[in-house]
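Chemist: Take this sequence and fold it.
(one chain, ligands or ions: 2)
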Amino acid sequence: MEFLPQDIDNYVHEHTSPESELLAKLNRETHAKVMVPRMLSGHLQGRVLSLLSHLHRPKKVLEIGTYTGYSALCMAEGLPKDGVLHTIDINEELEDFARKWFDQHPKGNQIIQHIGNALEIIPTLADKWDLVFIDADKSNYLKYYELVIENMNPGGLILCDNVLWSGKIVDPKATDEDTETLRELNRYITEDDRVENVLLPVRDGLMAARVL
Ligand code: SAH
Ligand code: CA
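Modeler: Residues are numbered from 1 along each chain as shown. Ligands and ions are numbered 1, 2, ... in the order given. Prediction:
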């Protein structure tokens, strides 16, 4: 999933602040013990999420797709004292694993986990969001975007991960449902008058849409 030539990619990582010890441990344990560890955001994207969160100081964060908790911890870094991060995952087997890491972080008590289908849980949260990270099942990305866009505070930021889909997004032969949904999402967001957006070519593509 590396888009950059290896030596440039190495250089980028070497000139980015390192992961905290906790995040490095979580990264290693995910690779050792959990299925599909490449889903974890990782060092570079984690620092981008942390940077955006620090700049934005969001009071209400929503994450769709907790997995082992790496990206939640990165975004939690920028939470103010009265900020809360809600994170949803459908896989109940990951709940305790993620909680174990949240509990070791100074802001872990500001992270609220929800287990279940995000399509059903998001409407029950009935909050106004400052920062949303969409990173669950790709075929529902448009639905997630529609569910949150009307509940964003002005100036809020919606991030959608993996929108380059390992390059399949520009491969005309790729016509599977996930790729088609991601194409439609990228087009829809770019044409959406409610937001200003940038597709950041970070890792597997991070769409950033700022709500006007
Ligand atoms: N954000 C994490 C990675 C998320 S991986 C990180 O960057 O480290 C995607 C996660 O979405 C998986 O853990 C999967 O269980 C979850 N998921 C898939 N479909 C879902 C759904 N319908 N509702 C909630 N979570 C879902
Ligand atoms: Ca992802």
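
Chemist: what about the spatially most distant residue from the centre of the chain, distance to Gln113?
Modeler: Distance from the C-alpha centroid of the chain, by Cα atoms, centre = their mean, peaks at Lys173 (27.1 Å). In this view, Lys173 and Gln113 are 39 Å apart by Cβ to Cβ, to the nearest Å. Just so you know, the C-beta spots here come from the backbone N, C-alpha and C atoms, and that holds for glycine as well.

Chemist: Kindly report the same for Ala209.
Modeler: In terms of Cβ to Cβ, Ala209 sits 25 Å off from Gln113.

Chemist: Point me to the residue sitting closest to the centre of this protein.
Modeler: Taking Cα atoms, centre = their mean, the centroid of the chain lies closest to Phe133, which sits 3.9 Å from it.

Chemist: before we move on, back to that, please identify which of Ala209 and Gln113 sits among more neighbours.
Modeler: Between Ala209 and Gln113, counted using other Cβ atoms under 10 Å, Ala209 has the larger neighbour count: 24 against 19.

Chemist: secondary structure element for that one?
Modeler: Using DSSP states H and E, Ala209 sits within strand 206-211.

Chemist: swap in Ser53?
Modeler: Here Ser53 is assigned to helix 42-56, by DSSP H and E.

Chemist: ok, back up a step: the strand holding Ala209: partners in the sheet, and parallel or antiparallel?
Modeler: strand 152-161 (antiparallel), strand 195-200 (antiparallel) (DSSP bridges).

Chemist: The helix or strand that the longest one is followed by versus strand 152-161: what angle between them?
Modeler: From strand 152-161 onward toward the C-terminus, using DSSP H and E, the following helix or strand is helix 177-191. Between the direction of helix 177-191 and that of strand 152-161, the angle (axes from the mean of the first three to the mean of the last three Cα atoms, to 10 degrees) works out to 140 degrees.

Chemist: Numbering from 35 from now on, please.
Modeler: Noted, 35 is the first residue going forward, which turns the last one into helix 211-225.

Chemist: ok, helix 211-225 near ligand 1 or not?
Modeler: No - counting by Cβ under 6 Å from any ligand atom, ligand 1 is not contacted by helix 211-225; separation bottoms out at 11.5 Å.

Chemist: Convert the C-alpha atoms of that helix to CSV, please.
Modeler: Only the C-alpha atoms of helix 211-225 are listed here, as CSV (Å, rounded to 0.1, in the frame of the first residue of the first chain):
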residue,chain,number,x,y,z
GLU,A,211,-18.9,-2.3,-5.0
ASP,A,212,-16.3,-0.8,-2.6
THR,A,213,-14.3,0.9,-5.4
GLU,A,214,-17.5,2.2,-7.0
THR,A,215,-18.7,3.6,-3.7
LEU,A,216,-15.4,5.3,-3.0
ARG,A,217,-15.4,6.9,-6.5
GLU,A,218,-18.9,8.1,-6.0
LEU,A,219,-18.0,9.5,-2.6
ASN,A,220,-15.0,11.4,-3.9
ARG,A,221,-17.0,12.9,-6.7
TYR,A,222,-20.0,13.7,-4.4
ILE,A,223,-17.8,15.5,-1.8
THR,A,224,-15.9,17.4,-4.4
GLU,A,225,-19.3,18.7,-5.9
